[in-house]
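Enquirer: Next come a sequence and a model predicted from it.
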Amino acid sequence: MAQAKGSWMRMAVLAGVLAFGSGAAAQTASPQIASPPAENAAPTADNAVMLTVFLKHDQSRPLSELNAQLQRQGYYKAFPPEGVEVVSWYVMMGIGQVVTLRLPASRLREVNRTLENTAWGSYRTEFYPTYDYKAIGIAAHEKAQ
């Protein structure tokens, strides 16, 4: 539980940094409720985040039960939300699934709520903000040769 709270704390800090770094205006004296993000907002260089999600399956139940619950809860229909890019989606034997998504920071809550509403019960979730390091790592390797 403490680990999950730490993950959420990191996500909250990341969201705050992204909002501040993207030139978000200071809050006015009278708070206003922000309108929901555009349904199909696309990730761009200045607003994209990557999110790696661990979907740890409940090993005390057979796979058929887990899949039936996911079906009843609408998981297969709702995840990933339309317009959220799937960078990778793997089965990690003995763990469950690991999904890396690319999305606008403004849609982070939507992705979280989709998983809370459709995956919980079959999966325990962990979230990790990530970024693409491949080009940098390969360049450093090539330079070292």
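Expert: Sure, I can see it.
Enquirer: K56 bridge partners, please.
Expert: K56 has the following beta-bridge partners by DSSP bridges: G96, R124.
Enquirer: need the contact list for it.
Expert: By CB atoms under 8 Å, 6 or more residues apart in numbering, the contact set of K56 is I95, G96, Y123, R124, T125, E126. Yep, even glycine has a C-beta here, placed from its N, CA and C like the rest.
Enquirer: which one among those gets closest to T114?
Expert: Distance to T114 across the contacts of K56 (CB to CB) is lowest for T125, with 10.7 Å.
Enquirer: Can you select the buried ones among the contacts of K56 for me in ChimeraX?
Expert: A single ChimeraX command selects the buried members of the contacts of K56 (16 or more other CB atoms under 10 Å):
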select :96,123,125,126
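Enquirer: May I ask which two of the contacts of K56 are separated the most?
Expert: I95 and T125 (12.0 Å).
Enquirer: Kindly reformat the contacts of K56 as JSON lines containing pLDDT.
Expert: Putting the contacts of K56 into JSON lines (pLDDT from 0 to 100) gives the following:
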{"residue": "I95", "pLDDT": "90"}
{"residue": "G96", "pLDDT": "93"}
{"residue": "Y123", "pLDDT": "95"}
{"residue": "R124", "pLDDT": "95"}
{"residue": "T125", "pLDDT": "95"}
{"residue": "E126", "pLDDT": "95"}
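Enquirer: now, among the contacts of K56, which is nearest to S60?
Expert: Once CB to CB is applied, the member of those that ends up nearest S60 is R124, at 11.8 Å.
Enquirer: which residue ranges form the helices in this protein?
Expert: Counting by DSSP state H, the chain has helices at residues 2-21, 63-72, 75-78, 108-118, 134-144.
Enquirer: Confidence-wise, which of those helices is weakest overall?
Expert: Mean pLDDT per stretch puts helix 2-21 lowest among these, at a mean of 46.
Enquirer: List the residues that are in contact with both of I95 and T125.
Expert: With CB under 8 Å, 6+ apart as the test, I95 and T125 both reach F54, K56.
Enquirer: Any buried residues in stretch 117-133, and which?
Expert: T118, A119, S122, Y123, T125, E126, F127, P129.
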